[in-house]
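[1] Kindly generate the corresponding structure for this input.
(one chain, ligands or ions: 1)
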Amino acid sequence: MIGVFDSGIGGLTIVKELLKKLPGLSLIYFGDTARTPYGTKSPETIIAYAIQDTEFLLEHGAKLIVVACHSASSVATESLRQRFPEVPIFEVVTPSVKKALQVTRKKIIGVIGTRATISSGIYQRKVAELDKEVKVYGNACPLLVPLVEEGWIKKPETRRIVKKCLIPLKMRGIDTLVLGCTHYPVLKPIIQAKAGKRVTLVDPAEEVAEQVADFLKKEPVILDQLTRGEEHKIYVSDLTESFERIARLFMGQKVKLLKADCEISHVIKPTPFKASHI
Ligand code: DGL
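    Prediction:
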């Protein structure tokens with residue numbers, strides 16, 4: 001199975017794209033709704049949670065991991081690769097950086113995301129590794145996450161906040177904007193309208209799905225290890241009715257959420273939670 005994790009339900013925007021690009025492969029998702037958000041937490045906490053989330057997926061049969069959460073992708077990827085060296089691990093930052101570099105004409109890229117993502121400086125580092133001439137400006141837009149979760153997709157308040165988030169980036173003259181958070185693809189039409197039609201949006205969900213599909217074409221041995229079938233399992237660490245409503249918003253269809261059988265630890269030092277097999 002392909003394993004995908006996120007701090008909550010937002011990672012379903014990535015699941016939606018993975019299912020489009022890889023029809024016929026079954027998928028297991030873990031949304032850490034009990035400990036969401038990750039975007040306000042320290043790198044140490046996000047790393048500890050990301051390791052536990054990955055363990056849950058591996059214990060439930062995942063053979064390949066997609067880190068759907070941008071905050072976790074930004075700060076925890078290296079630790080995950082060190083901890084699970086035998087597992088192919090994909091994250092959402094690198095494919096978006098590659099796409100942004102392909103599409104920028106003026107070599108000025110903007111990124112919006114959570115505080116954890118923006119303050120990690122990961123986009124600046126990754127872009128500099130590939131092209132030192134390109135400038136990258138980030139702006140944290142934490143207010144957009146609750147607005148999306150409340151379903152305020154077309155409200156004037158949301159339009160105003162999106163506009164405000166983009167002002168510092170527009171002042172820098174960006175021509176490309178990376179949607180560096182799981183929730184932002186839902187706001188694409190508003191973000192495009194406020195960024196202006198000359199700004200190209202990069203949707204990491206599309207880019208990571210493409211990257212996983214390309215990888216599997218080249219790695220038939222790993223492809224063979226993945227289970228086929230249309231039955232996908234969407235686990236959450238806490239289950240409420242509102243999570244089901246939000247899940248529908250992200251996937252564009254009704255989603256059955258399963259409560260994960262795991263102990264949640266909010267503290268880092270005690271042993272990570274162990275998920276028992278179902
Ligand atoms: N999934 C998170 C991300 O993409 C957004 C929500 C959160 O802060 O946990 O960074």
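
[2] got the contact list for T158?
    Residues near T158 by Cβ atoms under 8 Å, 6 or more residues apart in numbering: L144, L147, W152, L187, I190. C-beta: built from backbone N, CA, C; applies to glycine.

[3] separation between the closest residue in space to G196 that isn't next to it in sequence and the ligand?
    Once flanking residues are discounted, G196 sits nearest to K170: 7.3 Å by Cβ to Cβ, 6 or more residues apart in numbering. Distance, K170 to the ligand, by Cβ to the nearest ligand atom, to the nearest Å: 22 Å.

[4] buried residues in the helix or strand hosting K170?
    Counting by DSSP states H and E, the element that carries K170 is helix 156-171. Under the neighbour-count criterion of 16 or more other Cβ atoms under 10 Å, helix 156-171 has T158, R159, I161, V162, C165, L166, L169, K170 buried.

[5] Would you format the contacts of T158 as TSV with neighbour count, distance to the ligand and pLDDT included?
    Putting the contacts of T158 into TSV (neighbours: other Cβ atoms under 10 Å; distance: Cβ to the nearest ligand atom, whole Å; pLDDT from 0 to 100) gives the following:
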residue	neighbour count	distance to the ligand	pLDDT
L144	25	9	97
L147	19	12	97
W152	16	16	96
L187	25	13	97
I190	19	17	98
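
[6] closest to V127 among the buried residues of helix 156-171?
    Nearest to V127 among those: L169, at 14.6 Å, using Cβ to Cβ.

[7] Was I right to think that closest one contacts A140?
    No - using Cβ atoms under 8 Å as the test, L169 is too far from A140 to be in contact (11.4 Å).

[8] Name the residues contacting each of those two.
    Common neighbours of L169 and A140 (criterion: Cβ under 8 Å, 6+ apart): I112.

[9] returning to that earlier point: residues making contact with the next helix-or-strand element following the helix holding K170?
    Toward the C-terminus, helix 156-171 is succeeded by strand 176-180 as the next helix or strand (DSSP H and E). If you take Cβ under 8 Å, 6+ apart as the criterion, strand 176-180 is touched by 70, 92-93, 96-97, 100, 103-104, 108-114, 117-118, 123, 138, 166, 169, 185, 188, 191, 195, 199-204.

[10] Out of those residues, which end up buried?
    The neighbour-count test (16+ other Cβ under 10 Å) marks 70, 92-93, 96-97, 100, 104, 108-114, 117-118, 123, 138, 166, 169, 185, 191, 195, 199-204 as buried among those.

[11] quick revisit: quick one, the helix holding K170 and strand 176-180 angle?
    Between helix 156-171 and strand 176-180, the angle comes out at 130 degrees (axes from the mean of the first three to the mean of the last three Cα atoms, to 10 degrees).

[12] Please state the offset of helix 156-171 from the chain centre?
    Relative to the centre of its chain, helix 156-171 is centred 22 Å away, using Cα atoms, centre = their mean, to the nearest Å.

[13] any idea which helix or strand carries whichever residue of the chain sits closest to the ligand?
    Nearest residue of the chain to the ligand, counting by Cβ to the nearest ligand atom: G39, 2.6 Å away. Using DSSP H and E, no element contains G39; it sits outside every helix and strand.

[14] what's the spacing between it and P85?
    Taking Cβ to Cβ, to the nearest Å as the criterion, G39 is separated from P85 by 27 Å.

[15] Could you double-check that M251 lies in contact with K16?
    Yes - under the contact definition of Cβ under 8 Å, M251 touches K16, with a separation of 5.6 Å.

[16] what's the lowest-mean-pLDDT helix or strand in the chain in contact with?
    In the chain, the helix or strand scored least confidently by mean pLDDT, DSSP states H and E is helix 241-251, which has a mean of 90. Residues from elsewhere that reach helix 241-251 (Cβ under 8 Å, 6+ apart): 8-10, 12-13, 15-16, 31, 33, 148-149, 151, 153, 186, 234, 236, 254-255, 257.

[17] pLDDT and distance to D261 added to the buried residues of helix 156-171, as TSV?
    Formatted as TSV, those follow (pLDDT from 0 to 100; distance: Cβ to Cβ, whole Å):
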residue	pLDDT	distance to D261
T158	98	36
R159	98	41
I161	98	38
V162	98	39
C165	98	38
L166	98	42
L169	98	43
K170	98	47
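
[18] Out of the residues you listed, the closest to K132 would be?
    Nearest to K132 among those, with distances taken as Cβ to Cβ, is L169, at 20.4 Å.
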